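Trainee: Dropping the sequence and predicted coords here.
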Amino acid sequence: MPVEAHFPGLTPMNLKMTVQGIAYYTDHYDIAINRVIAARGHNEILGHEPKICRFCSRSAPAVTFRKEAHAVPELAGNGTLVSLYECDECNARFATFEDDLGKMTLLERSAGQVLGKGGVPSAKTGQKKSRIDMGSRGFLIQEHEGDPITAIDHNKKTLTVTISPHAYRPLGAYKALVKIALTLMDESDIEKVPEALRWLREPDIATHQINDGTNYSCIRSWTPGPMPIAHTRVMLLRRKPGDQAGPMYVMVLAFGNMTFQVVVPAPQEDKRLSKNTISLPPVPVFAFLEKGRVRGPTRFWTKSLASPAPEKGEPSVVFHFDGVTEVTPPPVT
Ligand SMILES: [Zn+2]
């Protein structure tokens with residue numbers, strides 16, 4: 001597979017889709033944001049004094065700005081990018097949507113070793129005995145008798161870890177993704193998405209939700225390997241002026257092993273599209289991958305995040321291995 005040597009994660013299987021994606025987005029979109037966000041280091045600050053909340057338009061003394069407002073959730077590997085234009089009240093409300101995004105991706109983040117607020121997240125089973133953690137020497141899977149979480153297939157060379165997943169609200173996770181786009185957008189773009197702002201101001205997820213016909217579809221991808229997307233990235237694509245091909249704004253959030261592509265609801269801008277069926281190709285994500293960390297082809301799929309009702313997250317994750325070594329396990333605490 002000579003192609004893979006140059007573009008990690010890319011295989012002849014998804015080459016055609018990638019070429020189509022590059023052509024589509026080059027023809028119809030401009031890159032509004034392409035931001036790499038560090039997990040550690042000095043804070044980067046968005047906005048300026050005096051502080052006015054972008055989401056509710058209020059300022060002190062009506063609201064406070066005491067909490068550090070992360071422009072991208074910490075669970076997505078952001079340890080440095082904060083904004084001055086998110087009040088504490090809006091911040092607390094957004095935390096409930098980020099919780100949905102966090103639960104949706106918990107097992108995948110454990111597997112992908114993304115640093116969250118408290119380091120790498122641990123995934124436990126319902127009985128809370130068996131667990132997987134990231135230790136200094138790699139993955140530590142603790143399996144207790146009567147609480148099995150792993151299955152090894154020596155023929156396929158896979159290790160499957162299964163836990164009882166946490167319930168999350170898919171539409172809440174979508175709201176968290178939209179909030180990221182609206183946090184990073186320029187003021188001139190914010191003016192084009194008043195409905196999305198109104199939706200974000202609601203503490204629940206169904207009130208003022210926007211039916212723009214996209215059914216809250218999320219194009220996801222997964223690339224195997226130890227954090228092949230080493231640095232969290234947000235890309236916002238804006239439809240070219242005068243173009244009518246696709247929706248106004250397409251956002252991609254990429255971190256760890258994962259990418260999430262969503263349409264930012266902009267019903268006024270996308271009025272013409274509401275009665276048409278459009279097929280939106282995945283944004284090519286191969287440029288985000290670090291060659292030495294990719295262990296297999298990137299997989300894409302579409303997931304509807306339309307449901308406001310809780311559903312269960314992924315119950316299992318599959319690891320591929322080259323071989324098994326018998327070692328003395330470290331003492332279990
Ligand atoms: Zn606010």
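Mentor: Good, I have the coordinates.
Trainee: The closest residue to the ion within the stretch 201-333 of the chain: neighbour count?
Mentor: Taking C-beta to the ion, the ion has its nearest neighbour within the stretch 201-333 of the chain at residue 201, 7.9 Å off. Glycine gets a C-beta too; all of them are placed from N, C-alpha and C. Residues lying near residue 201 (other C-beta atoms under 10 Å) number 16.
Trainee: wait, isn't it in contact with residue 54?
Mentor: No - with contact defined as C-beta atoms under 8 Å, residue 201 does not count as touching residue 54 (10.9 Å).
Trainee: How much space separates residue 80 from residue 45?
Mentor: As judged by C-beta to C-beta, to the nearest Å, residue 80 and residue 45 stand 10 Å apart.
Trainee: what about the two, which has more around it?
Mentor: Per other C-beta under 10 Å, whichever of residue 80 and residue 45 has more neighbours is residue 80, with 18 against 13.
Trainee: Neighbours of the nearest residue to that one once chain neighbours are set aside, how many?
Mentor: The shortest distance from residue 80 to any non-neighbouring residue, by C-beta to C-beta, 6 or more residues apart in numbering, is to residue 38 (4.6 Å). Applying other C-beta under 10 Å, we find 15 residues neighbouring residue 38.
Trainee: In this protein, spot the strand with the most residues.
Mentor: strand 229-239 (DSSP state E).
Trainee: That one: which residues count as buried?
Mentor: Neighbour counts over strand 229-239 (16 or more other C-beta atoms under 10 Å) mark 229-230, 232-239 as buried.
Trainee: okay, who's weakest in those residues by pLDDT?
Mentor: Least confident entry in the buried residues of strand 229-239, by pLDDT: residue 230, with 89.
Trainee: if we can go back for a sec, quick one: name whatever helix or strand follows the longest strand of the chain.
Mentor: Scanning forward in sequence from strand 229-239 by DSSP states H and E, the next helix or strand is strand 249-256.
Trainee: Put the alpha carbons of the helix or strand that that following strand is followed by into CSV.
Mentor: Reading on from strand 249-256 to the C-terminus, the next helix or strand found by DSSP H and E is strand 258-263. Presented in CSV, the C-alpha positions along strand 258-263 are these (Å, rounded to 0.1, in the frame of the first residue of the first chain):
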residue,chain,number,x,y,z
MET,A,258,-11.4,10.7,16.7
THR,A,259,-13.0,13.3,14.5
PHE,A,260,-16.5,14.7,14.6
GLN,A,261,-18.0,16.6,11.6
VAL,A,262,-21.2,18.5,12.1
VAL,A,263,-23.2,21.2,10.3
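Trainee: Name every strand pairing with the following helix or strand past strand 258-263 and say which way it goes.
Mentor: The C-terminal neighbour of strand 258-263 among helices and strands, as given by DSSP H and E, is strand 299-304. Using DSSP bridges, strand 299-304 pairs in its sheet with strand 217-222 (antiparallel).
Trainee: Can you check what angle separates the partner strand from strand 229-239?
Mentor: With axes from the mean of the first three to the mean of the last three C-alpha atoms, to 10 degrees applied, the angle from strand 217-222 to strand 229-239 works out at 150 degrees.
Trainee: just to revisit the earlier point, list the contacts for the residue of the stretch 201-333 of the chain closest to the ion?
Mentor: With contacts defined as C-beta atoms under 8 Å, 6 or more residues apart in numbering, residue 201 is in contact with 55-56, 90, 93, 208.
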